[in-house]
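Student: For reference, the sequence and a predicted model appear below.
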Amino acid sequence: MGIGNIFKAFQPKDKVFFVLFEKVAATLTQMSKEFHEGLMDFDINDDTMLKNMSDYEHKLDDLTHEIFVQLGENFITPFDREDISHLASGLDDIADYMYASAKYIYLYKTPLDPAYTEFSLLIYKSCVEIQTAMNNLKDFKNPKGVKESCIKINSYENIADDVLSQAIVKLFETNDAINVIKIKSVLEYLEIVTDKAEDVANTMDSIVIKYA
Amino acid sequence: MGIGNIFKAFQPKDKVFFVLFEKVAATLTQMSKEFHEGLMDFDINDDTMLKNMSDYEHKLDDLTHEIFVQLGENFITPFDREDISHLASGLDDIADYMYASAKYIYLYKTPLDPAYTEFSLLIYKSCVEIQTAMNNLKDFKNPKGVKESCIKINSYENIADDVLSQAIVKLFETNDAINVIKIKSVLEYLEIVTDKAEDVANTMDSIVIKYA
Amino acid sequence: MGIGNIFKAFQPKDKVFFVLFEKVAATLTQMSKEFHEGLMDFDINDDTMLKNMSDYEHKLDDLTHEIFVQLGENFITPFDREDISHLASGLDDIADYMYASAKYIYLYKTPLDPAYTEFSLLIYKSCVEIQTAMNNLKDFKNPKGVKESCIKINSYENIADDVLSQAIVKLFETNDAINVIKIKSVLEYLEIVTDKAEDVANTMDSIVIKYA
């Protein structure tokens, strides 16, 4: 029995991580799609979108917890335990800050800033690339594809930085301090979502450098 | 000499981490108790509470430094070095943000927001559970007890999230922008304390999953 | 061939990390010098300083990426992979938040707060100490020197904490909410730079404890 066969013997247990990460990524894509559509067609009197965001956030909490349980139980992992842990926390953070953004948009009841949907589109595109990258990361079948997605996610985060600073400059022109505080805080939550997507991209990139 | 005996031979050095973590947890409980009592009976002209918070923060800095010194000197640790490091930093963060909350409450001299004592009670309860969990983590004697405390700490953090958003919504009703900026920033420091307690709970939970 | 010789055989590959970290530290010192000088002699109509900060930030992004590429390719590292990764991210964060501070100083076009140059001097001094420490860390030739620099960086961060709280208290005396929001946010970015320098110091300190 060669090393390759020994490796294959461990695969079934090992595979659970790829399966869970793919579920997380697919759920995030769906969550970000509904977040973006909800903001494109926003109605403060209909909180369906907020309830959906809360449901997705709970679902992702459960999946994240399952990854940590598997990490505790499995001696064999497809890549560094530390990277699995970073990846799981980073993906969970994306969901947490997307939900927080939605929550404060509803709580503050201010008119939507035009930058909100610019952000939600960048967030949706980032989640689509995370899902693509996760699929390409599976069994390390397409390292180049992972790298390409990570570059795109990094570029979305750079655009988000500019969206934030331009939106804040315009916001100050209203000279309405209460309004500035509310909308600036929502814009900052939205920008953190893209930061967390970049963290996930950096972790996936470093996994590919090590193993592929 | 069996594996069990070899393990026992290393125990004395190894024990130092449990002893230090228990000291940290006991100090945090005491600190959070005085923080809560200080806010329940607040007097802006008496800065005894602030001085006490500063003393506790220094004491916890010293204990944290001692844990890192021991981590450098000991080859044998009772659980992953990475987890010891996360746990020590997380506990130190709780003290840092509790002190920062106290500092800005005194600096801003604004009337106390009713949410302050809701937070300080949640912080105190979280620290009590951290202390209980740390005692149950010692020698991995009661993994189930650790898990129960972690679940409680997570639930306190969820409550703190709601306390924050409800307090901010009420705060905006005052329509006093300067006041909003001051109190919102104290509320956010207080909420970070509960976030840090949740980080500590998640680390303890993952240690128990791995070793118990 | 003794252990010492085996170790030396690996040195050439291993050395790349010290070389890269020294380049990063030297670049950060230069960046922080120009940042401080730019603020000492600030002219809102001349954005040379901002362009320089952006160039430095890109240069440090490239160096950081190179460290992670080397980390993926080298099996042998001079100290824990985890510490190399923390150190690289921490140094990159210093550049990111220094650039962000500069960006918002230009965007907001508010008169400079006197605390800006107090911060930029503390940031410059911290970067000088990081460079000294990195040179002393190289081949672990002067552990005591590393420790001395780390203590200084920690003391600068403590001073920065006080600069922040005193500046914010004075800022509120203007009673101009829009102005408060703008300058407070710049002050907080500046303070984060010193936090990130402290993180780097703590990582260097823990490397020295382990290896020296």
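Tutor: Nice, I can see it.

Student: Contacts only, for the residue nearest the centre of chain A.
Tutor: With distances taken as Cα atoms, centre = their mean, A:Ile94 lies nearest the centre of chain A, 3.8 Å away. The neighbours of A:Ile94, taking Cβ atoms under 8 Å, 6 or more residues apart in numbering or on different chains as the test, are A:28, A:123, A:127, A:193, A:196-197, A:200. For the C-beta atoms, the positions are set from N, CA and C on the backbone; glycine is no exception.

Student: Restricted to helices, list the residues you listed.
Tutor: The members of those that map onto helices under DSSP state H are A:28, A:123, A:127, A:193, A:196-197, A:200.

Student: Just the element for the closest residue to A:Met40 other than its chain neighbours, please.
Tutor: Distances taken as Cβ to Cβ, 6 or more residues apart in numbering or on different chains place A:Thr117 nearest to A:Met40, at 5.8 Å, with adjacent residues excluded. Secondary structure assigned from DSSP states H and E places A:Thr117 in helix A:115-137.

Student: tell me the mean pLDDT for that helix?
Tutor: With pLDDT averaged residue by residue, helix A:115-137 scores 98.

Student: Show me how far that helix is from its chain's centre.
Tutor: Centroid separation for helix A:115-137 versus its chain: 7 Å, with Cα atoms, centre = their mean, to the nearest Å.

Student: circling back to that earlier point, what's the farthest-apart pair in the ones in helices among the contacts of A:Ile94?
Tutor: With Cβ to Cβ as the measure, no two of the ones in helices among the contacts of A:Ile94 lie farther apart than A:Ile123 and A:Val200, at 12.1 Å.

Student: Tell me the residues on chain A that lie near chain B, please.
Tutor: Residues of chain A that fall close to chain B, judged by Cβ under 8 Å from any Cβ of the partner chain: A:68-69, A:71-73, A:82, A:85, A:103-104, A:107-108, A:177-178, A:181-182.

Student: Looking at those, which two lie furthest apart in space?
Tutor: Checking those against each other with Cβ to Cβ, the farthest-apart pair comes out as A:Glu73 and A:Ala177, at 52.4 Å.

Student: which one of these two has more residues nearby?
Tutor: Between A:Glu73 and A:Ala177, counted using other Cβ atoms under 10 Å in any protein chain shown, A:Ala177 has the larger neighbour count: 21 against 11.

Student: what does the model give the more buried one for pLDDT?
Tutor: Confidence for A:Ala177, expressed as pLDDT, is 98.

Student: Tell me how far it lies from A:Ser185.
Tutor: 13 Å (Cβ to Cβ, to the nearest Å).

Student: same deal with A:Asn74?
Tutor: 40 Å.

Student: now A:Asn136
Tutor: Per Cβ to Cβ, A:Asn136 is found 36 Å from A:Ser185.

Student: do the same with A:Asp41
Tutor: Using Cβ to Cβ, which is the criterion applied here, A:Asp41 is 23 Å from A:Ser185.

Student: Equivalent analysis for A:Leu107, please.
Tutor: With distances taken as Cβ to Cβ, A:Leu107 is found 10 Å from A:Ser185.

Student: Kindly report the same for A:Asp205.
Tutor: A:Asp205 sits 30 Å away from A:Ser185, taking Cβ to Cβ as the criterion.

Student: Tell me which of the two has more neighbours.
Tutor: Shown here are A:Asp205 and A:Ser185; by other Cβ under 10 Å, A:Asp205 has more neighbours (23 against 17).
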